[in-house]
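1. Below are the sequence and a predicted model; questions follow.
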Amino acid sequence: MGSLCVLLASVLWGTTGTAATFAPDVGPLAIGAAAMGLGGLLQAVMAGPRIAGEASALRERRGAVLLGALAVGVYPLAFYSSMHLAGVAAGTVVSIGSAPLASALVERVVDRRRLTRRWTVGAVLGLSGTALLCVAEAAEAAGEHTGARSAGSTVLGVGLGLVAGFTYALYSWAAHRLISRGISSRAAMGAVFGAGGLLLMPVLLATGGPLLDSWSNTAVGAYMSLVPMFLGYVLFGWGLAHVPASTATTLSLLEPAVAAVLAVLVVGERIPTPGWIGIALVVCCLAVLTMPSRRAAAREADDDGPASPGRDGFPAGPDGVHRESAPLSEEARDELVGRAGGG
């Protein structure tokens, strides 16, 4: 049952780009602001009592809160603009594939953690796949005469996907820093995502008019904020209560595959063969960074309960391994459910 919950969550995350195409009159900024903004405010409302009870601690660490909120505000704008410009498949794969690499770099610069050989291998695979996908998509766009997507917009979309991956890593690091300083997960996530949601409200007010122009547009906005951004993380949190981290992170690799397949079958995107090779390299990068080491796997096998999450909205160590192996507590599950992000 736990594996099924993780698989369902990954499928929901993989539908976001395709769902956005059902509201063609709504721009990517409005889609991103509605999905992450409303989802973030919902998380803050649910965490209201915790936030109020720990307000003084949050004020003492307002720098981390503000940094995380700023990253939350930028992430969906970059992510959905990336898919709009580069295509659903390319935008999703680049954003997801670059996030673990960016997480390790943030930890290297801020926390002085060493970059391991595993990270280097993952970086080579991820960057090679991203470059190959970018070149393939740009060449495909340059060879078309429809004008639907230019080579320049494809390259810009890939660049915005890298920005999305970096901001994802940044708000994950900020939330992790708050929790490691003694603030409860619900209060930390509610404060960061609530403040980020507030930052997105002016964007939603300025660009979100088309969301109200038709029932279909409104339905897309509601779906994005409530299903992938909320229900998806509820399912993922339930799943992590029953399966090990290595299993969950491997199963969550279904997301970019779902996004690519839906982009081809539903949206009608054409991905050339080199682009598929690039996608495969990015998926291999994710597998390398999330696969537990032998030592971590041995600890996980010795433990009767599931390990801590591999995709919980917080960056792993520089080698991509989450080392905690105790069963997930209710607090840990709340921490997972609180992350509205992804992607």
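-> The structure has been received and is ready for your questions.
2. What's the first helix or strand after the longest helix along the chain?
-> In terms of residue count, the longest helix belonging to the chain (DSSP state H) is helix 151-180. The C-terminal neighbour of helix 151-180 among helices and strands, as given by DSSP states H and E, is helix 185-207.
3. per-residue confidence averaged over the longest helix of the chain?
-> For helix 151-180, the mean per-residue pLDDT is 85.
4. ok, and for that helix, which residues are buried?
-> In terms of neighbour count (16 or more other C-beta atoms under 10 Å), helix 151-180 has its buried residues at 151, 153-155, 157-179. Just so you know, the C-beta spots here come from the backbone N, C-alpha and C atoms, and that holds for glycine as well.
5. could you give the angle of that helix to helix 185-207?
-> 150 degrees (axes from the mean of the first three to the mean of the last three C-alpha atoms, to 10 degrees).
6. Which strands and helices lie in contact with helix 151-180?
-> helix 62-86, helix 88-111, helix 117-143, helix 185-207 (3 or more C-beta pairs under 8 Å, 6 or more residues apart in numbering; DSSP states H and E).
7. Go through these and name the closest to Val261.
-> The closest of the helices and strands packed on helix 151-180 to Val261 is helix 88-111. By C-beta to C-beta, the value is 8.5 Å.
8. other SSEs contacting the closest one?
-> If contacts are counted by 3+ C-beta pairs under 8 Å, 6+ apart, helix 88-111 sits against helix 16-20, helix 62-86, helix 117-143, helix 151-180, helix 254-262, helix 273-290.
9. Deepest in the core, which of these is it.
-> Of the helices and strands packed on helix 88-111, the one with the most neighbours on average (mean count of other C-beta atoms under 10 Å) is helix 16-20, at a mean of 26.
10. Toward the C-terminus, what is the element adjacent to it?
-> Next element after helix 16-20 (DSSP H and E): helix 28-32.
11. any idea of the mean pLDDT in that next one?
-> 93.
12. Distance from it to the middle of the chain?
-> How far helix 28-32 lies from its chain's middle: 16 Å, per C-alpha atoms, centre = their mean, to the nearest Å.
13. Just after that helix, pick out the following helix or strand.
-> Counting by DSSP H and E, the element after helix 28-32 in chain order, helix or strand, is helix 39-46.
14. What residues of the very next helix or strand once past that next one count as buried?
-> Using DSSP H and E, the next helix or strand after helix 39-46 towards the C-terminus is helix 48-53. By neighbour count on 16+ other C-beta under 10 Å, the buried set for helix 48-53 is 50-51.
15. helices or strands up against helix 48-53?
-> helix 185-207.
16. mind listing what's buried in the helix it packs on?
-> So for helix 185-207, counting by 16+ other C-beta under 10 Å, buried means 185-201, 203-204, 207.
17. Quick one: work out the angle between it and helix 39-46.
-> 140 degrees.
18. which helices and strands does whichever helix or strand comes after helix 185-207 pack with?
-> The helix or strand immediately downstream of helix 185-207 is helix 215-226, counting by DSSP H and E. With contacts defined as 3+ C-beta pairs under 8 Å, 6+ apart, helix 215-226 has these neighbours: helix 16-20, helix 28-32, helix 39-46.
19. What lies in contact with the last one?
-> By C-beta atoms under 8 Å, 6 or more residues apart in numbering, the surrounding residues in contact with helix 39-46 are 51, 72, 186, 189-191, 193-198, 200, 225-226, 229-230, 338, 340.
20. again, only this time at 6 Å
-> 190, 193-194, 196-197, 225, 229-230, 338, 340 (C-beta atoms under 6 Å, 6 or more residues apart in numbering).
21. repeat for stretch 60-75
-> The contact list for stretch 60-75, computed with C-beta under 6 Å, 6+ apart, reads 58, 164, 167-168, 170-171, 174-175, 177-178, 191-193, 195-196, 199-200.
22. As a markdown table, the helices and strands packed on helix 215-226 with distance to Ala280 would be great.
-> Conversion of those to a markdown table gives the following (distance: least, C-beta to C-beta, whole Å):
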| stretch | distance to Ala280 |
| --- | --- |
| helix 16-20 | 19 |
| helix 28-32 | 26 |
| helix 39-46 | 31 |
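23. rewinding a little: with Trp215 as the reference, name the closest of the helices and strands packed on helix 88-111.
-> Closest to Trp215 of these, according to C-beta to C-beta: helix 16-20, at 14.8 Å.
24. and that closest one, how far from the chain's centre?
-> With C-alpha atoms, centre = their mean, you get 14 Å for helix 16-20.
25. do you know how far the nearest residue to Trp173 once chain neighbours are set aside is from Leu4?
-> In space, Trp173 comes closest to Val106 once its chain neighbours are excluded; the distance is 4.9 Å by C-beta to C-beta, 6 or more residues apart in numbering. According to C-beta to C-beta, to the nearest Å, Val106 stands 33 Å off from Leu4.
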